[in-house]
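Colleague: could you look at this predicted model? Sequence included:
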Amino acid sequence: STTGASTGIGFAIPVNMALRVIRSLLDEGRITRGYLGVQLEDLSPALVRELGRRDLSGALVASVVQGSPADSAGFRQGDLIVELQGRRVVDRNTLRLEVSRTPPGTVVRFVIERRGRRQELPVRLGAMVVGDGAYVSPARRKGGQSEAVGSGDEETEPLATPYYLEGVATKTLNDALRRQLGLDATYEGAVVVQVNPRSPAGRRGLQVGDVIVEVGRSTVRSSREAFEAGQDLEGDSVILGLIRQGKEEFVLVPKP
């Protein structure tokens, strides 16, 4: 280099991965990978405490694509995938790699944790074709905008008093808001119409336009349910399940 330094950085692709790609191109003229149909998140230390676990291993299901193999097999938002084919799942990247290199049509066995209980979910993987954006199943939900959510005709709820919604005003999702946010009629929940960025939830990234659909793993269908759902929950934090721009996310709100 011009500075005289040599850092010795190199890049390599595992030979088995390269061979799979070559075989797929030779046999089919395209790259085909196994497809499950979930959006995954890694566990954070705060989520580990909230879930009562002792380590960070596993992959958390943040969303499930409607009509996908995962949807047909019974996966749900909030499931923690802990095993694949009898092997421990370390993190989401490891799981994605294992699924992608499994041939489509293969029945694979997942073990998940749901509300503290383990259960086995066998799944026949679909096919994801790399390069042309083709998937075995349609995308679950349309994206929407989260800015400038109108209050409509319904009266906005007063500022919530539970700590996880302190400094937050919500409104029950209605048809007008669904159209504004680009959501279909199946969605229910509480739309955030006002949030103080210095509030507990605001500091964790809650935004105007977020639709709260779960509080502490309990489904909520209105502003009142969002207000009431977590009042009796114990622990140092509450998980809020959200729809944000058509995608499902989690926000962990700690006690002040």
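Modeller: All right, it came through fine.
Colleague: going forward, measure contacts between C-alpha atoms and count neighbours the same way
Modeller: OK.
Colleague: helix, strand, or coil at residue 98?
Modeller: Classification of residue 98 using DSSP: H, G, I helix; E, B strand; the rest coil returns helix.
Colleague: neighbours of it, just the number please.
Modeller: Residues lying near residue 98 (other C-alpha atoms under 10 Å) number 14.
Colleague: need the contact list for residue 109.
Modeller: When contacts are counted by C-alpha atoms under 8 Å, 6 or more residues apart in numbering, residue 109 touches 84, 85, 86, 120, 121, 122, 123.
Colleague: of those, select the buried ones using a PyMOL command.
Modeller: Typed into PyMOL, the line below selects the buried ones among these, using 16 or more other C-alpha atoms under 10 Å:
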select buried, resi 84+121+122+123
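Colleague: would you check which pair of the contacts of residue 109 lies furthest apart?
Modeller: Maximum pairwise distance in the contacts of residue 109, criterion C-alpha to C-alpha, is 13.8 Å, between 86 and 123.
Colleague: give me the common contacts of those two.
Modeller: With C-alpha under 8 Å, 6+ apart, residue 86 and residue 123 have common neighbours 109, 110.
Colleague: so how many other residues sit close to the residue lying closest to residue 92 once chain neighbours are set aside?
Modeller: Once flanking residues are discounted, residue 92 sits nearest to residue 59: 4.8 Å by C-alpha to C-alpha, 6 or more residues apart in numbering. For residue 59, the count of nearby residues is 26 (other C-alpha under 10 Å).
Colleague: so what's the backbone phi/psi at residue 45?
Modeller: Backbone torsions for residue 45, taken as degrees, to the nearest 10, come to phi -60, psi -40.
Colleague: which parts of the stretch 1-150 of the chain are strands?
Modeller: According to DSSP state E, counting those that start in this stretch, the stretch 1-150 of the chain carries its strands in the segments 31-35, 38-41, 59-64, 80-84, 87-88, 107-114, 117-124, 126-130, 134-135.
Colleague: can you show me the CA trace of the third one as CSV?
Modeller: Taking Å, rounded to 0.1, in the frame of the first residue of the first chain, the C-alpha atoms of strand 59-64 are listed here in CSV:
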residue,chain,number,x,y,z
ALA,A,59,-33.2,-17.6,17.2
LEU,A,60,-36.3,-15.5,18.0
VAL,A,61,-39.1,-15.5,15.4
ALA,A,62,-39.9,-11.8,14.8
SER,A,63,-42.5,-12.5,12.1
VAL,A,64,-43.9,-15.3,10.0
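Colleague: distance of residue 59 relative to residue 241?
Modeller: In this view, residue 59 and residue 241 are 16 Å apart by C-alpha to C-alpha, to the nearest Å.
Colleague: should've said residue 226
Modeller: Counting by C-alpha to C-alpha, the gap from residue 226 to residue 241 is 11 Å.
Colleague: next one: residue 256
Modeller: When distance is defined by C-alpha to C-alpha, residue 256 is 19 Å away from residue 241.
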